[in-house]
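Trainee: Return a 3D structure for these sequence lines:
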Amino acid sequence: MLKISVIIPTRDRARDLENLLMTLLNQDYSNFETIIVDDSPRRIAKEIAEHYRLKFNARGIDLKYVISKTHEGLPAARNLGIKLANGDIVLFLDDDTLLLGSDSLRKLAEFYEENPDAICVQPYIITLGLDTKKSSLIDELKNAAGKALMLIYRKDNASSVRRSGMPVLPRRITLDKIRVQRHSGVTSCRKFIYNEVKYDENLKLWAYMEDLDFSYRVFKRYPSSLYITSRVKILHKKSPTARLPSKTAVYMMTVYWFYIFFKDIYSSSLLNLTSFLYALFGKIVATIAELLVEKRANSDWLIVVWLLSSYALSLRNLKRIISRDLRFLNKKIADLTR
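Mentor: You can find the predicted model right below:
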């Protein structure tokens with residue numbers, strides 16, 4: 001039987017973490033270990049880990065707790081967890097997710113055994129509050145606009161990377177398995193791949209697009225090795241979009257988009273560069289359209305100013321971005337979050 005290392009990076013969500021640990025305790029598959037990587041300033045996960053360790057040990061399951069350097073970011077926390085993992089498979093779960101079904105880990109292990117070409121396998125992620133079977137006219141229009149403007153949009157049985165660097169996200173998974181180009185952060189991989197591809201620790205805090213960056217680099221090394229399966233289902237509690245103050249989030253999302261485009265997508269392709277520039281313009285158009293349609297307050301229009309300012313920051317520091325030096329952004333984030 002394949003051993004699974006379940007790694008949970010966590011930040012200040014005690015109740016959610018406890019609920020997730022309960023779904024792990026309820027699994028009918030016991031050949032796994034759990035590693036909690038605490039990236040929270042208050043270290044609230046330590047008490048929870050100590051409380052649940054005895055329960056896990058009673059089932060013969062190791063539960064480890066480790067502290068990550070505060071503010072180093074999600075990629076650093078992931079890499080730290082990987083160093084401690086002893087499993088054949090590494091499964092990352094967010095602390096606001098739940099395993100749907102007591103057979104989730106067993107089905108994941110079986111999928112890897114049945115598909116030896118699979119290097120990374122993502123469960124089918126169901127977002128609480130997001131109805132993929134029904135969508136309003138506004139939702140459909142937003143999706144069509146995203147597709148037309150080379151931005152993010154959703155499509156059934158698909159998860160890929162556009163020439164602009166933006167992802168195509170799965171709306172519904174109706175098949176047992178699909179091959180894809182990218183995964184979300186809630187995913188699993190065979191342990192060996194982390195010797196070849198690591199999470200990029202240049203990306204700090206919640207590290208926008210760090211999941212696309214990692215999984216797409218795996219895809220480029222091993223095409224046809226990434227899967228999503230509907231056999232294993234994960235419930236994700238929909239978190240607020242801006243986990244940071246809005247201005248900080250806008251700056252981070254723009255600079256990281258530039259960074260990942262030139263690092264992973266560009267490849268000296270004029271078509272890719274044109275798509276990227278078109279998408280930058282499209283982002284402004286989509287943001288203004290959303291503000292108009294939703295009749296947002298005047299203060300919300302500051303996001304357009306921040307967006308344009310973040311473009312200017314990225315263009316001024318383009319050489320640094322291409323050379324993978326993001327210290328200028330880290331300083332900006334530190335100034336904005338004081």
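
Trainee: Can I get the lowest-mean-pLDDT helix or strand in the chain as PDB, trimmed to CA atoms?
Mentor: Ranked by mean pLDDT, DSSP states H and E, the weakest helix or strand in the chain is helix 327-336, scoring a mean of 78. What follows is helix 327-336 as a C-alpha-only set of coordinates in PDB (Å, rounded to 0.1, in the frame of the first residue of the first chain):
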ATOM      1  CA  ARG A 327      13.000  42.100  -3.300                       C
ATOM      2  CA  PHE A 328      11.400  45.400  -4.500                       C
ATOM      3  CA  LEU A 329       8.000  43.900  -4.000                       C
ATOM      4  CA  ASN A 330       8.800  42.300  -0.700                       C
ATOM      5  CA  LYS A 331       9.800  45.800   0.600                       C
ATOM      6  CA  LYS A 332       6.500  47.300  -0.900                       C
ATOM      7  CA  ILE A 333       4.400  44.600   0.800                       C
ATOM      8  CA  ALA A 334       6.200  45.200   4.200                       C
ATOM      9  CA  ASP A 335       5.500  48.900   3.900                       C
ATOM     10  CA  LEU A 336       1.800  48.300   3.100                       C
END
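
Trainee: Other residues contacting it?
Mentor: Helix 327-336 has contacts (CB atoms under 8 Å, 6 or more residues apart in numbering) with Lys204, Leu205, Pro245, Lys247, Thr248, Tyr251, Met252, Val255, Leu313, Asn317, Arg320. Placement of C-beta: from N, CA and C, glycine included.

Trainee: I'd guess Gly165 is in a strand, am I close?
Mentor: No. Read with DSSP: H, G, I helix; E, B strand; the rest coil, Gly165 is coil and lies in no strand.

Trainee: Any regions of the stretch 1-150 of the chain where pLDDT drops low?
Mentor: Residue ranges of the stretch 1-150 of the chain with pLDDT under 70: 70-71, 129-134.

Trainee: Surely Lys155 touches Arg172?
Mentor: No. The pair Lys155 / Arg172 is not scored as a contact, 9.2 Å apart, by CB atoms under 8 Å.

Trainee: okay, now the residue nearest to Asp300 when sequence neighbours are not counted: neighbour count?
Mentor: Sequence neighbours aside, Leu291 is the residue nearest to Asp300 in space, at 6.2 Å (criterion: CB to CB, 6 or more residues apart in numbering). By other CB atoms under 10 Å, 16 other residues sit near Leu291.

Trainee: what helix or strand is Leu291 on?
Mentor: In this structure, Leu291 sits in helix 270-293 according to DSSP states H and E.

Trainee: Alpha carbons only: can I get whatever helix or strand comes next after that helix in CSV?
Mentor: For helix 270-293, the following helix or strand on the C-terminal side (DSSP H and E) is helix 302-316. Presented in CSV, the C-alpha positions along helix 302-316 are these (Å, rounded to 0.1, in the frame of the first residue of the first chain):
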residue,chain,number,x,y,z
LEU,A,302,-9.5,53.1,-5.9
ILE,A,303,-8.9,49.6,-7.1
VAL,A,304,-8.5,50.9,-10.7
VAL,A,305,-5.8,53.4,-9.4
TRP,A,306,-4.0,50.6,-7.5
LEU,A,307,-4.2,48.4,-10.6
LEU,A,308,-2.6,51.0,-12.9
SER,A,309,0.0,51.8,-10.2
SER,A,310,0.8,48.1,-9.9
TYR,A,311,1.3,48.0,-13.7
ALA,A,312,3.7,51.0,-13.5
LEU,A,313,5.6,49.3,-10.6
SER,A,314,6.0,46.1,-12.6
LEU,A,315,7.1,47.8,-15.8
ARG,A,316,9.7,49.9,-13.8
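
Trainee: tilt between helix 302-316 and helix 327-336?
Mentor: 150 degrees (axes from the mean of the first three to the mean of the last three CA atoms, to 10 degrees).

Trainee: quick one: contacts of helix 302-316?
Mentor: By CB under 8 Å, 6+ apart, helix 302-316 touches 246-247, 250-251, 253-255, 258, 280, 283-284, 287-288, 291, 321, 328-329, 332.

Trainee: Now do the same contact list for the nearest residue to Glu33 once chain neighbours are set aside.
Mentor: Using CB to CB, 6+ apart and skipping the chain neighbours, the partner closest in space to Glu33 is Asp62 (4.3 Å). With contact set as CB under 8 Å, 6+ apart, Asp62 has these partners: Glu33, Thr34, Phe56.

Trainee: Narrow these to those that are buried.
Mentor: Glu33, Thr34, Phe56 (16 or more other CB atoms under 10 Å).

Trainee: list the contacts for the last one?
Mentor: Okay, so that is Phe56. Each residue near Phe56 by CB under 8 Å, 6+ apart is listed here: Leu24, Leu25, Thr34, Asp62, Leu63.
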